[in-house]
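**Q** below: sequence and its predicted model.
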Amino acid sequence: METYDLLFIESDDFNLYIKGIPYDKKYNSLTQYRTRATLEKETMVIRVEGKDLKIADVLNIDSGQLEAIESNSFAPIFFENGVYQLVITSRGKKEITFYHEHPGIRNAVAPFGRSTNILMGNLQFINEVGFTSFSLLSGKEKLLDVTLEIFPSKLNYKEDYRRLLEEVNDEMYNLAFHFIKKTFLGATSILSENPSQAEFFRLIEYFFIEFKKAIRRIEEQPHHHLVTENQMVRGDRLKHVDRKGMQYLRSHMYLFEKTSSGISIEGNNYMPKKG
């Protein structure tokens, strides 16, 4: 597959190049991908901020040429699991370093050979979808910030993501979730330890309806059974002796004593002291 210049940035201090394949591996050519991308009408987010920038161009797949980032909306050209070659050349005496929050990507870009004026490496966004950012530094001075949007194989992931959030919201209304902050939404929701009264009311309003429905179902179709409870009492208070009580008395004959009235056994009356 043919590689293309995807991004070119020039400043007083450096030149930056990113080369790679501007389409997902399921497409055999840029022409085939261009047709699909036109139908999908997806556009990517790309932001470049830096000191003394002269040129900031990105590949436009419609024209096949590099164009100024501010001049147009561009179809996606960076994809998960894609490999992109990054080359940075210093134009002055400043020693430039590359920074990315992910150690694997950060360590992949290093000086070329013995030269400290050239940084080179491969950027590979393994299963990473959404925003990714990297910076160029000279000591503590920040020379450049670049934010790219990495797309999955399906170009319409934004619509799928919105639909997923709507489905979750329908199930758990007004609950706060910590969404991945690097997605295209650009905002986050966090779980609060001290929710406001309005949040509490909305939760109660939603779940109390389901709670009342559950109570009504129990009232209409209760699941119940009878439980017999045996208690040890004095003999004069014995009532309703069941099978378990009779078995207890049979195995504890010493509890019986002679009385004037009671159970007649061989001409004598007996009553248990307890049972």
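**A** Now that the structure is in, tell me what you want to look at. Numbers count the residues shown, from 1 in each chain.
**Q** now the strands: where do they sit in the stretch 151-275 of the chain?
**A** 256-265, 268-272 (DSSP state E, counting those that start in this stretch).
**Q** quick check: which of the ones you listed is buried the most?
**A** The highest average neighbour count among those, using mean count of other Cβ atoms under 10 Å, belongs to strand 268-272 at a mean of 16. Just so you know, the C-beta spots here come from the backbone N, C-alpha and C atoms, and that holds for glycine as well.
**Q** Provide the strand pairings for it, with the direction of each partner.
**A** Looking at strand 268-272 with DSSP bridges, its partner strands are strand 256-265 (antiparallel).
**Q** CA atoms only: put the partner strand into CSV for me.
**A** Taking C-alpha atoms only, strand 256-265 is exported to CSV below (Å, rounded to 0.1, in the frame of the first residue of the first chain):
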residue,chain,number,x,y,z
PHE,A,256,-45.0,-36.8,83.7
GLU,A,257,-46.2,-36.7,87.3
LYS,A,258,-49.4,-38.0,89.0
THR,A,259,-52.3,-35.6,89.2
SER,A,260,-56.0,-35.8,90.1
SER,A,261,-57.0,-35.4,86.5
GLY,A,262,-55.1,-35.8,83.3
ILE,A,263,-54.0,-38.5,81.0
SER,A,264,-55.2,-41.9,82.3
ILE,A,265,-52.4,-44.5,82.3
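**Q** relative to the whole chain's centre, how far out is it?
**A** For strand 256-265, the separation from the chain centroid amounts to 78 Å (computed by Cα atoms, centre = their mean, to the nearest Å).
**Q** just the residues contacting it, thanks.
**A** For strand 256-265, the external contacting residues (Cβ atoms under 8 Å, 6 or more residues apart in numbering) are L249, N268, N269, Y270, M271, P272, K273.
**Q** for S133, which residues are in contact?
**A** H100, E101, D145, V146, T147, L148.
**Q** can you check L86 too?
**A** L16, Y17, I18, F98, V109, L119, M120, G121, N122, L123.
**Q** next up, the contacts around D57.
**A** If you count contacts by Cβ under 8 Å, 6+ apart, then D57 has L7, F8, I9, L66, E67, A68, I69 around it.
**Q** partner residues bridging the residue nearest to Y99 when sequence neighbours are not counted?
**A** Leaving aside its sequence neighbours, Y99 sits nearest to S135 (Cβ to Cβ, 6 or more residues apart in numbering; 4.7 Å). Counting by DSSP bridges, S135 is bridged to Y99, D145.
**Q** what number of residues lie near S135?
**A** A total of 16 residues lie near S135 under the criterion other Cβ atoms under 10 Å.
**Q** can you check the one 3 residues further on too?
**A** The number of residues packed around S138, counting by other Cβ under 10 Å, is 18.
**Q** isn't it up against F14?
**A** No: counting by Cβ atoms under 8 Å, no contact exists between S138 and F14, whose distance comes to 9.0 Å.
**Q** could you tell me which residues touch both of the two?
**A** When contacts are counted by Cβ under 8 Å, 6+ apart, S138 and F14 have K94, I96 as shared neighbours.
**Q** hang on, the earlier thing: which ones are touching the residue nearest to Y99?
**A** F98, Y99, H100, K142, L143, L144, D145, V146.
**Q** which residues touch the fifth one?
**A** L143 makes contact with S11, D13, F14, G50, K51, K94, I96, S135, L136, L137 under the criterion Cβ under 8 Å, 6+ apart.
**Q** care to break the protein down by domain?
**A** Segmentation of the chain into domains, based on automatic domain parsing, reads 4-150, 157-220, 235-272.
**Q** L226 is nearest to which of these?
**A** domain 235-272 (12.7 Å; Cβ to Cβ).
**Q** so what's the gap between the closest one and the chain middle?
**A** When distances are taken as Cα atoms, centre = their mean, domain 235-272 is centred 71 Å away from the chain's centroid.
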